[in-house]
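[1] A predicted structure for the sequence below; I have some questions about it.
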Amino acid sequence: MKLAIASGKGGTGKTTLAVNLALAADRAVLLADCDVEEPNDHLFFPALEWSEQVIDWPLPEVDEALCDGCGECSDFCQYNALISFGTVPYISPDLCHGCGGCQLICPKKAITETSRRIGVVKTAAMEHVSLIEGRGDIGSTLTPSLIRAVKTKASAAGLSILDAPPGTSCPMITTLQGSDFAVLVTEPTPFGLNDLQLAVDAVRELGLPFGVVINRAGSGDDRVLDWCRDNQITVLAEIPEDRRIAEAYSRGEALVTTLPEYRDLFAGILEKVGA
Amino acid sequence: MNELVVISGKGGTGKTSLLASFAVLAENAVLADCDVDAADLHLILAPTVRERHEFWSGHEAVVNEEDCINCGICVEPCRFDAVSQVRTETGESTYRIDPVACEGCGVCVHVCPVEAIDFPERLSGHWMVSDTRAGPMVHARLGAAAENSGKLVTTVKQAARQLAKDQRRDLVLVDGPPGIGCPVIAAIGGATAVLIVTEPTVSGLHDLERVLKLARHFGVESHVCVNKWDLNPARTAEIEDMALAAGAKPAGRVRYDPAVTRAQIGTRAVVETDAPSATDIRKVWDALTLVHQGENA
């Protein structure tokens, strides 16, 4: 089963949930950190021995001897990554998605592809948890391509937990595609509810079954609970507002280790989603 | 004109709560909510929408099933794994393009031997110009599961700058998205300075390091504020040292304060209430005086 942990709003507790669900599982589990812009799951697994794979992505290169400056590549490119004014095109790697269209279109066969680094995929194992992490290079905009590389590496039988990036746009959607169930983490606040509603729209668009976990329950009001009830959305669990949780998190300690009384809460979520 | 962008690396550190307070404290600013994935500033500032614009961005490839000859030539060239073979309701085989995976490059449209793939423009969201009690605001809503949020961020920012110019306002205050990817890069482009809001946690420290590198990569002046600093005073000091070493300026600390959530529930900026942390936020605003009243103004 592939279980994705997501939220519209950032900082609601996705990492906390993903890490503690993995630790609370009673069998081998694969934890895939798909928040490649800011991967944090590893911070809760000290002293890991990593193996690392560099992820490259195609980038066009123009043979100036063959190019006659016809500009067809520049007309074709949807991202304005190649610009030609009747000249050899100027290439902006930051804008290029690496689709390969310019190479296909060039009538003079003057375009070939080289590659550029977009990040790394790292793997490590600790006890029953295998951790896979994507880590984008600073300044790289090809987040979805790197997430797809993480997911390829993470495709295994058994239980996988995918920690999604915040938001509701391409990085979050890329992570959730192909999952069996989405757990949406939120807070009992106006921001929490607004961003939960956006996340629900996105998972419905994908046709995924989902449930909600309310974190810091008791710190705000009942608007999230009321809205979930009115819309027949399952609330899988409420994690109470507890300063000890915030402090353990600040030190990089996993909740189920520091405060073992919470282990049943996480095991209960796995049971409820049928993992 | 000056432009201050509030970002965070890690999400949920308090960007919007801080920015809403800055909006109230600023005298002559235009506000821009560039967290277009999960915009929240409107929940505090209760805008009255004056203009609403459609955001059309890029194209999407759509197979015209009547014309498709089922050759499958479009599958292999797609680098985004968006094309797959499916059965129609009548049991015939055809190809379909997943609108979510499609990055709108047009390669399949080009390779199709029978021109069976259409390439319409994509409606990806809306952006609005509104009035609020703290000044005019430009904000947006990205469609569910839509892409190109970087371009929508750029659209919002450009509209805010134009509004500032038209109304002779000297400051644009930008609520930025989390992360370090394309929406953040779009949000910080051309800014006078960024304020990075972080928290004293291992994740906060780790994400700050990466977002500081990004700001330096693009040559933007950085200030760092630690929210909920008293949750872990030692880590707060560590974060401030790290920020200084990276060439950023510490802009102050904001205490852990449950009244911040109460202000949000009451649709108020923190500085519009008697929350204890309001004092801290005013100090952070004062520390940024050179950014909002600097010589570019």
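    Thanks, I have the structure now. Residues are numbered from 1 along each chain as shown, chains lettered A, B, ... in the order given.

[2] contacts for stretch B:90-99 next, please.
    A:177, B:60-63, B:65, B:68, B:70, B:72, B:74-75, B:82-88, B:108, B:117 (Cβ atoms under 8 Å, 6 or more residues apart in numbering or on different chains). (Glycine included, C-beta is placed from N, CA and C.)

[3] around chain B, which positions in the stretch 1-150 of chain A sit nearby?
    Contact residues (Cβ under 8 Å from any Cβ of the partner chain) of the stretch 1-150 of chain A with chain B: A:8-12, A:15, A:37-38, A:40, A:43, A:58, A:76, A:78-79, A:94, A:97-101, A:104-105, A:136, A:138-141, A:143-145, A:148.

[4] give me the buried subset of those residues.
    Neighbour-count burial (16 or more other Cβ atoms under 10 Å in any protein chain shown) is assigned, among the residues of the stretch 1-150 of chain A next to chain B, to A:8-12, A:15, A:37-38, A:40, A:43, A:58, A:76, A:78-79, A:97-101, A:105, A:136, A:138, A:140-141, A:143-145, A:148.

[5] out of the residues you listed, which are inside strands?
    Those of those mapping onto strands are A:58, A:136, per DSSP state E.

[6] the helix or strand that contains residue B:124 near chain A at all?
    Assigned by DSSP states H and E, residue B:124 belongs to strand B:121-132. No - Strand B:121-132 lies out of reach of chain A by Cβ under 8 Å from any Cβ, never closer than 9.2 Å.

[7] what ranges does chain B have for its strands?
    Using DSSP E, strands in chain B cover B:2-7, B:29-33, B:48-59, B:62-63, B:83-87, B:93-97, B:117-118, B:121-132, B:135-142, B:171-175, B:193-198, B:221-227, B:249-254.

[8] any buried residues in the last one, and which?
    Applying a neighbour-count criterion of 16+ other Cβ under 10 Å, one finds B:249, B:250, B:251, B:252, B:253, B:254 buried in strand B:249-254.

[9] now do the third one
    Neighbour counts over strand B:48-59 (16+ other Cβ under 10 Å) mark B:55, B:57, B:58, B:59 as buried.

[10] which pair of those residues spans the longest distance?
    B:55 and B:59 (13.9 Å; Cβ to Cβ).

[11] put the buried members of the contacts of stretch B:90-99 into a PyMOL selection.
    Listed next is the PyMOL selection for buried residues among the contacts of stretch B:90-99, using 16+ other Cβ under 10 Å:
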select buried, (chain A and resi 177) or (chain B and resi 60+61+62+63+68+74+82+83+108+117)
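
[12] ok, the closest residue to residue B:69 other than its chain neighbours to chain A distance?
    Nearest residue to residue B:69 in three dimensions, chain neighbours excluded: residue B:114, at 5.5 Å (Cβ to Cβ, 6 or more residues apart in numbering or on different chains). Residue B:114 sits 17 Å away from chain A, going by Cβ to the nearest Cβ, to the nearest Å.

[13] in the stretch 1-150 of chain B, where is pLDDT below threshold?
    B:148 (pLDDT under 70).

[14] show me the contacts for the closest residue to residue A:105 other than its chain neighbours.
    Counting by Cβ to Cβ, 6+ apart, the nearest residue to residue A:105 once its immediate chain neighbours are dropped is residue A:76, at 4.6 Å. Residues in contact with residue A:76 (Cβ under 8 Å, 6+ apart) are A:101, A:102, A:105, B:106, B:110.

[15] what residues sit buried inside stretch A:156-164?
    Those would be A:159, A:160, A:161, A:162, A:163, A:164, for stretch A:156-164 by 16+ other Cβ under 10 Å.

[16] ugh, typo on my part, it should be stretch A:46-59
    A:55, A:57, A:58.

[17] tally of neighbours for residue B:133?
    Here the count is done by other Cβ atoms under 10 Å in any protein chain shown, and residue B:133 has 12 residues near it.

[18] next up, phi/psi of it, please.
    phi -70, psi -20 (degrees, to the nearest 10).

[19] ok, the nearest residue to it once chain neighbours are set aside - contacts?
    In this structure, residue B:133 finds its nearest non-sequential neighbour in residue B:45, 6.9 Å apart by Cβ to Cβ, 6+ apart. Counting by Cβ under 8 Å, 6+ apart, residue B:45 touches B:20, B:23, B:31, B:132, B:133, B:134, B:137, B:269.

[20] does residue A:240 really touch residue A:188, like I thought?
    No - assessed by Cβ atoms under 8 Å, residue A:240 is found out of contact with residue A:188, at 10.6 Å.

[21] what do the two both touch?
    A:216, A:217, A:218.

[22] if the second one is in a bridge, with which residues?
    Beta-bridge pairing of residue A:217, defined through DSSP bridges, involves residue A:240.

[23] quick check: the gap between it and residue B:13.
    Relative to residue B:13, residue A:217 is positioned 20 Å away (Cβ to Cβ, to the nearest Å).

[24] specify the angle between the top helix by length along chain B and strand B:29-33 in degrees.
    With DSSP state H setting the assignment, residue counts place helix B:149-166 as the longest helix in chain B. Using axes from the mean of the first three to the mean of the last three Cα atoms, to 10 degrees, the inter-axis angle of helix B:149-166 relative to strand B:29-33 is 170 degrees.

[25] quick one: helix B:149-166 to chain centroid distance?
    Helix B:149-166 sits 12 Å away from the centroid of its parent chain (Cα atoms, centre = their mean, to the nearest Å).

[26] please list the residues of the stretch 151-275 of chain A that sit near chain B.
    A:165-174, A:177, A:189-191, A:194-195, A:198, A:201-202, A:204-206, A:219-221, A:243, A:246-247, A:249-252.

[27] derive a PyMOL selection command for the buried subset of these.
    Buried residues within these, by 16+ other Cβ under 10 Å, are selected in PyMOL with:
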select buried, chain A and resi 165+166+167+168+169+170+171+172+173+174+177+189+190+191+194+195+198+202+205+206+219+220+221+246+249+250+252
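
[28] just to be careful, could you list which of the residues of the stretch 151-275 of chain A next to chain B are in helices?
    Per DSSP H, those map to helices at A:170-174, A:190-191, A:194-195, A:198, A:201-202, A:204-206, A:243, A:246-247, A:249-250.

[29] surely residue B:186 is in contact with residue B:151?
    Yes - assessed by Cβ under 8 Å, residue B:186 is found in contact with residue B:151 at 7.4 Å.

[30] got a list of what residue 11 touches?
    You didn't say which chain, so I picked chain A. A:166, B:10, B:11, B:12, B:13, B:178.

[31] not what I meant, chain B
    A:9, A:10, A:11, A:12, A:166, B:178, B:179.
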